[in-house]
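Chemist: structure of the sequence below:
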Amino acid sequence: MTIAAPTPARLDACCAPITGGVLDEVSAEALARTLKAIADPARLRLLSMIAAHEGAEACVCDLTEPLGLSQPTVSHHLRLLMEAGFLTRSTRGRWAYYRLVEGSLGRVAGLLAA
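Modeler: Alright, predicted model coming up:
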C-alpha cells in the first residue's frame, strides 16, 4: 500500500488563516505572570471572598478561617495578588485590609482577547 505525498494545494486547504489579533511577546509574558498569580485555588478563593465583601474590601482577619490557612500563608497569597495588580492594601490599627482593584479581573479577559 502506498500513501500519496500531500500536495501544496492540500496543505493550504488544511490551514485556517489567522483572523484575529495575536499576543506579542511582551503581552504574553504579562499575561503569564498574571495567570500565574491566580493559578492557585486559595488565591482564586481569596479574590472571590474579597469581591463578595461589602465594598470589595476585607480584613485579613476575616479571610484566614474560611480558607483554613494560617495568617502568614494567607498574607503570602495576598501579597502575590497585590504584586499582580489585583488588590491594594491599607492598614487600620494592627489589621491589614485588602481591596479588589476595580477592573483587575476584566483586565485578564482583555489580555486574552488582545
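Chemist: quick one, what contacts Asp24?
Modeler: Residues near Asp24 by Cβ atoms under 8 Å, 6 or more residues apart in numbering: none. Using the backbone N, CA and C atoms, a C-beta is placed for each residue, glycine as well.
Chemist: repeat that for Val101.
Modeler: Gly85, Phe86, Leu87, Thr88.
Chemist: counting neighbours, which of these comes out on top?
Modeler: Phe86 (25 neighbours; other Cβ atoms under 10 Å).
Chemist: give me the nearest residue to that one, chain neighbours excluded.
Modeler: Spatial nearest neighbour of Phe86, excluding adjacent residues (Cβ to Cβ, 6 or more residues apart in numbering): Ser104 at 4.6 Å.
Chemist: count the neighbours of that neighbour for me.
Modeler: Other residues close to Ser104 by other Cβ under 10 Å number 18.
Chemist: so Leu81 is in which element?
Modeler: Leu81 belongs to helix 71-83 when assigned by DSSP states H and E.
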